[in-house]
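**Student:** Starting from these lines, generate the structure:
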Amino acid sequence: MQDTRIVDAVVNGRFADVDKLTAPLAANAADHFQEVQQVMDLLSWHGCRPQLSELQHAAWPSICEAQQIRTSAKNQFAALAADSLIYAYLDGHELLRLETGVADLLPQLQYYFDVNTEWLARYLAYVAGLTQQTWVTDDFHFSRSDESAARNAAANLAALMIEFVTYSRAEENLPYGRSALMREQLPIYFSMRRTGQLAVRQPITDLMQGKRPFPDFGHDEPPHPLCPDRTTLEMYFNNLLHFARPQPYKAAALYALLPVWLRFLAVRDLIDATQHDKIRTSLQPLLADLQSRWSDHPDPTLPADLKHAWKEE
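**Tutor:** You can find the predicted model right below:
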């Protein structure tokens, strides 16, 4: 359960209180890892970059040494912390030379992991919008029979998500934090949809009694590989908002930024105007359900910002 005192302090801009309330969490981050992640989501949603970076920096020694935290979770934490530093740098500097950016960021990033300067330069060029690919829809089709093609599609989607973060900041003036949450969640949703994990479940007794066939997951192509559909997206939100471990800011960022995502796809000629309008209309009804879920949430920006994001274009 998230500490409502932290939520209230963030919502009302009392950042000195935020620092005081998060300091004990950071010092014992290994024992409160899920709560630290929830606070990171909260700070990302609200664009609180200094507080987010400070929390990540202070929490890293405890997380890095923890035996109970999986290596993959540690790596993900370090990657998110590194991105926070890069986003903050790009917001505060006009990147005229990649070499300057690499030199400035290298000491900060090496706190989390060893850095290959050549790869950092390539990544920084992508995040800064200095590098951009020309894509077609087929670049994102996953092949079930060709492992190499599937890896390429995953890499292409990862690159496209970076370009989306850059577009969101440059063209839509959105804080990096929100688009970073979207960048994390949308590929997970697509993966779960593609592998049948978001299929509507029927009672197992129907299967045992022969009232329905065995599921044949993954053989029906979605209407578009880069566009959500209402049924599976609703299932995904149910997963994110499960009472055992609700993740409201991940769900809110994903839904609030979908109109931006669709505009981005249209700008990049990955969907046409008819597809844009049809998909947007099909996803619009989810707004009322999400707003009702958060009607009594201590953070009023959740329902309010979703309504603003889905206003008529």
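**Student:** name the helices or strands packed onto the helix or strand harbouring V18?
**Tutor:** Counting by DSSP states H and E, the secondary-structure element that holds V18 is helix 15-27. Under the contact criterion of 3 or more Cβ pairs under 8 Å, 6 or more residues apart in numbering; DSSP states H and E, helix 15-27 touches helix 4-11, helix 33-45, helix 49-65. C-beta: built from backbone N, CA, C; applies to glycine.
**Student:** Helix or strand next in line after the helix or strand bottoming out on mean pLDDT in the chain, which one?
**Tutor:** The helix or strand with the lowest mean pLDDT-type score in the chain, counting by mean pLDDT, DSSP states H and E, is helix 204-208 (a mean of 62). Proceeding C-terminally, helix 204-208 gives way to helix 230-240 as the next helix or strand, assigned by DSSP H and E.
**Student:** what's the helix holding V18 in contact with?
**Tutor:** Contacting residues not belonging to helix 15-27 are listed as 3, 5-6, 9-10, 32, 35-36, 39, 43, 48, 50-51, 54-55, 58-59, 62 [Cβ atoms under 8 Å, 6 or more residues apart in numbering].
**Student:** List buried residues within these.
**Tutor:** Among these, those buried by neighbour count (16 or more other Cβ atoms under 10 Å) are 3, 6, 9-10, 32, 35-36, 39, 43, 48, 51, 54-55, 58-59, 62.
**Student:** on that earlier part again, out of the helices and strands packed on helix 15-27, nearest to L233?
**Tutor:** Distances from L233 to each of the helices and strands packed on helix 15-27 were compared using Cβ to Cβ; the minimum, 18.7 Å, belongs to helix 33-45.
**Student:** What count of nearby residues applies to L174?
**Tutor:** Taking other Cβ atoms under 10 Å as the criterion, the count of residues near L174 is 20.
**Student:** Not counting sequence-adjacent ones, nearest residue to L98?
**Tutor:** For L98, ignoring the flanking residues on the chain, the nearest one in space by Cβ to Cβ, 6 or more residues apart in numbering is A121 at 4.8 Å.
**Student:** The one you found: what secondary structure?
**Tutor:** Secondary structure assignment for A121 (DSSP: H, G, I helix; E, B strand; the rest coil): helix.
**Student:** Point out where the stretch 201-313 of the chain drops to low pLDDT.
**Tutor:** Applying pLDDT under 70 to the stretch 201-313 of the chain picks out residues 201-222.
**Student:** Any figure for the gap between A244 and N238?
**Tutor:** According to Cβ to Cβ, to the nearest Å, A244 and N238 sit 12 Å apart.
**Student:** and these two? which has more neighbours close in?
**Tutor:** Set A244 next to N238 and count neighbours by other Cβ under 10 Å: N238 wins out with 11 against 4.
**Student:** quick one, what contacts the more buried one?
**Tutor:** N238 sits next to no residue when contact means Cβ under 8 Å, 6+ apart.
**Student:** cutoff 10 Å now
**Tutor:** Contacts were defined as Cβ atoms under 10 Å, 6 or more residues apart in numbering; by that measure N238 touches L198, A251.
**Student:** So S53 sits against L109, correct?
**Tutor:** No - judged on Cβ atoms under 10 Å, S53 makes no contact with L109 at a distance of 11.7 Å.
**Student:** joint contacts of those two?
**Tutor:** Taking Cβ under 10 Å, 6+ apart as the criterion, S53 and L109 both touch A81, L85.
**Student:** quick one: secondary structure of L130?
**Tutor:** Classification of L130 into helix, strand or coil gives coil, according to three-state DSSP.
**Student:** Quick check, pLDDT for it.
**Tutor:** At L130, the model reports a pLDDT of 90.
**Student:** That one and L98 touch, don't they?
**Tutor:** Yes - in this structure, L130 is within contact of L98 by Cβ under 10 Å, at 7.4 Å.
**Student:** which one of the two has more residues nearby?
**Tutor:** Taking L130 and L98 together and counting by other Cβ under 10 Å, L98 has the greater number of neighbours (17 against 14).
**Student:** if I look at that one, how far off is A128?
**Tutor:** According to Cβ to Cβ, L98 and A128 sit 8 Å apart.
**Student:** Check E172 too.
**Tutor:** Taken as Cβ to Cβ, the span from E172 to A128 is 16 Å.
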